[in-house]
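J.: sequence-free structure coming up:
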């Protein structure tokens with residue numbers, strides 16, 4: 001297994017796919033957090049390992065060193081260009097990932113993948129040419145998108161319940177996948193209006209969509225206002241996590257998101 005992981009890691013690195021080590025039998029990054037300050041905005045600029053997917057590299061010498069030192073480490077791929085974009089089709093806990101995948105396939109939205117990978121839980125990863133699209137989720141439909149800011153475990157990574165394995169391997173097609181189109185087809189956004197008394201919507205989904213489409217210049221103010229609305233409506237921690245993810249997709253850093261949301265929740 002050790003030789004297999006090293007050979008696989010080198011295979012990815014030499015093909016320009018940025019990778020980083022994951023703890024054995026786990027989905028968590030191998031290296032502990034590089035900074036004690038959880039508010040640190042460093043994404044690896046310090047040169048020390050411990051920034052999760054931001055440690056990802058294609059440097060053969062570094063990859064060799066990592067997997068020689070930690071031969072059983074799983075392999076994480078940092079998604080989004082220059083890495084691939086990946087559609088994650090989930091089947092755990094009865095979510096309708098397969099049915100949703102069939103719906104979008106029928107509409108021609110999944111065409112062009114170059115790898116189909118079976119996950120240990122029985123789900124699927126479909127690999128496409130990487131773009132700058134941000135990671136996202138249509139969680140009710142059981143479909144996630146791993147793009148910029150996300151990562152996946154790559155074959156032949158191993159978990160307690162099985163191995164990631166390639167079912168279909170094709171030559172690189174150069175095809176991309178349109179995540180916004182897929183998400184809006186599966187879970188159409190609810191209309192959001194903004195008036196003098198703040199935001200109005202018939203649920204949290206509309207606010208999340210509004211947040212992730214905010215443009216630079218007003219994103220922090222929008223995040224603050226929406227966080228306050230979530231507080232007023234009794235949002236759960238899972239809802240706040242979704243809001244943070246939407247803000248990251250809008251382009252805010254983890255440091256900005258944490259500070260803004262903490263300030264709004266304290267208020």
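T.: Looks like it arrived, so ask away. If you're wondering where the values come from, they're calculated on a predicted model, not measured in any experiment.
J.: can you pull out the helices in the stretch 151-267 of the chain?
T.: 179-186, 204-212, 219-232, 237-249, 254-266 (DSSP state H, counting those that start in this stretch).
J.: and residue 120, what does it touch?
T.: 158, 159, 160, 161, 162, 163, 164 (CB atoms under 8 Å, 6 or more residues apart in numbering). C-betas here are computed from N, CA, C, even on glycine.
J.: Return the closest of the residues you listed with respect to residue 127.
T.: residue 164 (11.6 Å; CB to CB).
J.: Could you give the number of residues near the residue nearest to residue 129 when sequence neighbours are not counted?
T.: Excluding the flanking residues, the one nearest residue 129 by CB to CB, 6 or more residues apart in numbering is residue 176, at 5.0 Å. The tally of other residues near residue 176 (other CB atoms under 10 Å) stands at 15.
J.: Would you confirm that residue 176 contacts residue 127?
T.: No. The pair residue 176 / residue 127 is not scored as a contact, 11.1 Å apart, by CB atoms under 8 Å.
J.: Return every residue with contacts to both of the two.
T.: With CB under 8 Å, 6+ apart, residue 176 and residue 127 have common neighbours residue 85.
J.: if we can go back for a sec, now do the contacts for the residue nearest to residue 129.
T.: With CB under 8 Å, 6+ apart, residue 176 has these contacts: 85, 112, 128, 129, 131.
J.: The first one contacts residue 129, doesn't it?
T.: Yes. If you go by CB under 8 Å, residue 85 and residue 129 touch, sitting 7.0 Å apart.
J.: Any figure for the gap between residue 111 and residue 135?
T.: Noted for residue 111: a distance of 21 Å to residue 135, by CB to CB, to the nearest Å.
J.: These two: which has the busier surroundings?
T.: Neighbours were counted for residue 111 and for residue 135 using other CB under 10 Å; residue 135 has more, 21 against 12.
J.: for residue 146, phi and psi?
T.: Residue 146 has phi and psi values of phi -110, psi 100 when expressed as degrees, to the nearest 10.
J.: If you could redo that for residue 44, that was the one I meant.
T.: Per degrees, to the nearest 10, the backbone of residue 44 is at phi 100, psi 0.
J.: what about it, distance to residue 68?
T.: Taking CB to CB, one finds residue 44 at 21 Å from residue 68.
J.: Please say which of these two ends up with more neighbours.
T.: For the pair residue 44 and residue 68, the greater number of neighbours falls to residue 44 (17 against 11), based on other CB under 10 Å.
J.: hang on, isn't the more buried one packed against residue 52?
T.: No. Judged on CB under 8 Å, residue 44 makes no contact with residue 52 at a distance of 9.1 Å.
J.: Out of residue 85 and residue 129, name the residue with the larger neighbour count.
T.: residue 85 (26 against 16).
J.: ok, the more buried one to residue 140 distance?
T.: 21 Å.
J.: Can you get me the start-to-end distance on stretch 67-75?
T.: End-to-end distance for stretch 67-75: 9 Å, by CA to CA, to the nearest Å.
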